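# give me a 3D structure for the following:
(one chain, ligands or ions: 2)
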Amino acid sequence: MRIIIVGSEMTPFVKTGGLADVIGALSRELAELGHEVVTFLPLYRALKDKAAAAQCVSNNIRVPMGGRSMVGAVYELQLGDRQRVAFVRQDELFDREGLYGESDHDYEDNAARYLFFSKAVVASIPALRFVPDVLHAHDWQAAFVPLWWSRTLAPAWRLRTVFTIHNLAYQGLFPRRQFDLTNLPADYFGVKGLEFHGQLNVLKAGLLYSDVLTTVSQHYAQEIQTKEYGCGLEGLLKSYRGKLHGVLNGADYTAWNPRTDPHIVANYDSHSLANKVTCKRALLETLKLPVERAWAPVIGMVSRIVEQKGYDFIAETIPQIVTMGASLAILGEGDPDLEKRLQKLADRYPTRLSLRLCFDEALAHQIEAGADMFLMPSRFEPCGLNQMYSLRYGTVPIVRATGGLADTVEPYNPGTQTGNGFSFEACTPAAMLAAVARALETYRQRQHWVRVIQNAMACDFSWRKSALQYLSLYQMP
Ligand code: ADP
Ligand code: GLC
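Ligands and ions are numbered 1, 2, ... in the order given. A predicted model of the protein is given here:
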C-alpha cells in the first residue's frame, strides 16, 4: 500500500511526548512490512539541522487561509527504501523557538499554524509522484486533513482516511472568529460540524470526516465513550462506535532495549540482571543520591509534569513514600505550579528525591534501566509508553488501571506468580499509596520480586502487531 502519515512530531526529528515515538515507529514498521510510506511534519526550527539534506519538491504550495492565500514549500528526505519524510515549510509559522508555544504559553496563532499545515499536506499530495491509498492523520494538529481532503482532492481519487486520537484532552479549541481560517461554508459551524460550545473545535474535523477512527488502546476506546473520560465528546464518539477502534501502541525496541541501549553503563537482559544493579548505582551517582543506599528501592518517573499524570498525588504523598523506605527519581517538565511543589519537596528530601526539570533523552533511558519500579498514577492515559519500556527494562510498573495502562499491566499475584506489575483502580492518593506499599512489600521478598521482573521482561509489545492491526483497518472493505 501507499500510505501517508501526518502528525506534528516524530522521532528522531522532534519530540515532546509519546506521539513522536508512535509516528516514528509506525512509519518505519509499515515500510519494513513492504509498504511505501511518506510521513508529513511541519518544518520546525528545532529540526532544521536534521532536515538539512531534504530536497525541495515544490516551493509553491498555495492554500487559502481566510481572506488571503498563503504559500509554503514541501521538502522530502529519503529515510529508507520505502520510507520518506515530507516537511511542510512555512517559516512565518514554524521557524520559531518552540513547537506549540514558549515559556508555558501556547502560540496565539496555533489554529492558523495547524490549519495551514493540514491544508498544505493535502495540497502537496499531487506533487509527491505517489498515489496514496491511505491518509492517516494523528491528533488535533492534523485533524483537518481528512476534511480538507474530502473537500478538495477526494472527487479526483479515492483513498481511505484514518484519524487517530492520542489524547482527547487536547482538542484544538479556538475562538469562533478563527473559523474563517478554515474556508468552510458557514453551515460547517454548528453542533453537527466543527462547533463545540460556541468555539471552533479542530479535533472534530478528524472525528467527523475520517472513514476510520482509532485511539491508542482498547480500554481508552471504551472510556472515551463515557462522561468521565469523553471530555464532552462522549455522545459523538458513542454514535461513531461502529468506526472507532482501539489499537494499542507498540514499544520501539530498537530504541528501548536494555540489551543494546547506548545510553546506559551496562547492557543487560533477563539473564544478566547483575548489570541492572550496575545501572542503578550509576543512576544514583548521576542524580547525586547516596550510592550506599543502593540496596533500597528506587522509584522512577519520566513524563510531562501535568495533572493528567497524577503529579499532584505524588506531591501529596512523597513524605509517606520516603517513610516507606523508597527513593524517587523524577524527570519531567511542565506545569510551573506542580514543578514548584515538587521542587520544595526535593529541597526537603535531598538524599531521597531527585528532581530534574528538563527534557533529557539519555537520562530517561538511565532511569528506565536504573530504577527498580516505575510509577504512573495517571488520571487518564490513552496508552502510555513508559510502562511498556519499563517492562522491557525489568523496572516494575506501578500504574493506575486506566486506558493503555490497564491493557498492559497485569497485577502480580503471589499465589500464581503471574502478573507483571502493580495497579490500582480508585483515582485517589490513598489507592496509589496502597499499590506502592504492595510493590515495596514484594521487593522485600526476593523470590517474588525476581519473578515479577522475569514476567515483566518476557512481555512483548513490539510494533509489528500494532502495525498489522492498522494495516487491516487500512484495507478493511
Ligand atoms: P505522553 O505522550 O502523554 O507524554 P507517553 O507515555 O505516551 O506520554 O510518552 C512519553 C514519552 O516522552 C516517553 O518516551 C518518555 O520517555 C518521554 N518523555 C517525557 N518527558 C520526558 C523528559 N522530561 N525527558 C525525556 N523524555 C521524556
Ligand atoms: C498521548 C497520550 C499517551 C500516549 C501517546 C502516544 O500523548 O497521553 O497516553 O501513549 O499519546 O499515543
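# identify the residue nearest the closest residue to ligand 1 within the chain in space, chain neighbours excluded?
Across the chain, no residue is closer to ligand 1 than G18, which sits at 2.1 Å (C-beta to the nearest ligand atom). No exception for glycine: its C-beta is placed from N, CA and C like everyone else's. The shortest distance from G18 to any non-neighbouring residue, by C-beta to C-beta, 6 or more residues apart in numbering, is to L385 (4.6 Å).
# per-residue pLDDT, the one you found?
Per-residue confidence (pLDDT) for L385: 97.
# how about it, what does it touch?
Neighbouring residues of L385 by C-beta atoms under 8 Å, 6 or more residues apart in numbering: 18, 21-22, 249, 251.
# ok, and which of those reach ligand 2?
Among these, proximity to ligand 2 is found for 18, 22, 249 (C-beta under 6 Å from any ligand atom).
# I'd like those residues as TSV, with pLDDT appended.
Below are these laid out as TSV (pLDDT from 0 to 100):
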residue	pLDDT
G18	95
V22	97
N249	98
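# in a markdown table: those, plus neighbour count and secondary structure.
Output for the ones next to ligand 2 among the contacts of L385, formatted as a markdown table (neighbours: other C-beta atoms under 10 Å; DSSP: H, G, I helix; E, B strand; the rest coil):
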| residue | neighbour count | secondary structure |
| --- | --- | --- |
| G18 | 23 | helix |
| V22 | 27 | helix |
| N249 | 26 | coil |
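# so which bits of stretch 98-117 are buried?
99-100, 110-117 (16 or more other C-beta atoms under 10 Å).
# of all pairs in those, which one is the farthest apart?
L99 and L115 (16.2 Å; C-beta to C-beta).
# what does this protein put close to ligand 2?
17-19, 22, 166-167, 216, 249, 381-385, 404.
# by neighbours, which of these wins?
E381 (32 neighbours; other C-beta atoms under 10 Å).
# residues contacting it?
So E381 contacts 220, 308, 399-400, 402-405 (C-beta under 8 Å, 6+ apart).
# likewise R45?
Per C-beta under 8 Å, 6+ apart, neighbours of R45: 94-97.
# can you check the pLDDT for it?
Reported pLDDT for R45: 97.
# what of M476?
84.
# how many other residues sit next to it?
11.
# so how far is ligand 2 from it?
Noted for M476: a distance of 21 Å to ligand 2, by C-beta to the nearest ligand atom, to the nearest Å.
# ok, P414 next?
P414 is 29 Å from ligand 2, by C-beta to the nearest ligand atom.
# got the contact list for that residue?
Taking C-beta under 8 Å, 6+ apart, one finds 442, 445, 448 in contact with P414.
# among those residues, which one has the most neighbours?
Of these, with other C-beta under 10 Å as the count, T442 tops at 19 neighbours.
# which element is that residue on?
helix 429-444 (DSSP states H and E).
# buried sites along that helix?
Those would be 429, 431-433, 435-436, 438-440, 442-443, for helix 429-444 by 16+ other C-beta under 10 Å.
# equivalent analysis for stretch 323-341, please.
Quick answer for stretch 323-341 (16+ other C-beta under 10 Å): 326-335, 338-339, 341.
# just the ones in strands from these, please.
327-331 (DSSP state E).
# wait, which of these is closest to ligand 2?
L331 (16.5 Å).
# for the closest one, list each beta-bridge partner.
Bridge pairing for L331 (DSSP bridges) gives the partners V302, R356.
# is S423 in a helix, a strand, or coil?
strand (DSSP: H, G, I helix; E, B strand; the rest coil).
# pull the number of nearby residues for it.
Neighbours around S423, by other C-beta under 10 Å: 24.
# distance of it relative to ligand 2?
15 Å.
# tell me how this structure divides into domains.
2-250+463-474, 274-457 (automatic domain parsing).
# just put these in CSV and tack on distance to P258.
Below are the domains of the chain laid out as CSV (distance: least, C-beta to C-beta, whole Å):
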stretch, distance to P258
domain 2-250+463-474, 17
domain 274-457, 5
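# what sits against the residue in the stretch 1-150 of the chain positioned nearest to ligand 2?
Residue of the stretch 1-150 of the chain nearest ligand 2, by C-beta to the nearest ligand atom: G18 (3.0 Å). Listed by C-beta under 8 Å, 6+ apart, the contact partners of G18 are 166, 249, 383-385.
# just the residues you listed now: which is nearest L128?
H166 (24.9 Å).
# let me see the ranges of the strands in the stretch 51-200 of the chain.
Under the criterion DSSP state E, counting those that start in this stretch, the stretch 51-200 of the chain carries strands at the ranges 55-65, 68-78, 83-89, 101-102, 105-106, 134-138, 160-165, 173-174, 195-196, 199-201.
# so A20 makes contact with T39?
No. A20 lies out of contact with T39 (C-beta atoms under 8 Å); the separation is 11.2 Å.
# between these two, who's got more neighbours?
Neighbour comparison, A20 and T39: the larger count goes to T39, with 26 against 20 (by other C-beta under 10 Å).
# so that one bridges to which residues?
With DSSP bridges as the rule, T39 is bridged to I5, V85.
# can you show me the helices along the stretch 251-400 of the chain?
Taking DSSP state H, counting those that start in this stretch as the criterion, the stretch 251-400 of the chain carries its helices at 274-287, 311-323, 336-348, 361-370, 386-392.
# rebuild those as JSON lines, extending it with distance to Q199.
Below are the helices of the stretch 251-400 of the chain laid out as JSON lines (distance: least, C-beta to C-beta, whole Å):
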{"stretch": "helix 274-287", "distance to Q199": "43"}
{"stretch": "helix 311-323", "distance to Q199": "27"}
{"stretch": "helix 336-348", "distance to Q199": "25"}
{"stretch": "helix 361-370", "distance to Q199": "35"}
{"stretch": "helix 386-392", "distance to Q199": "32"}
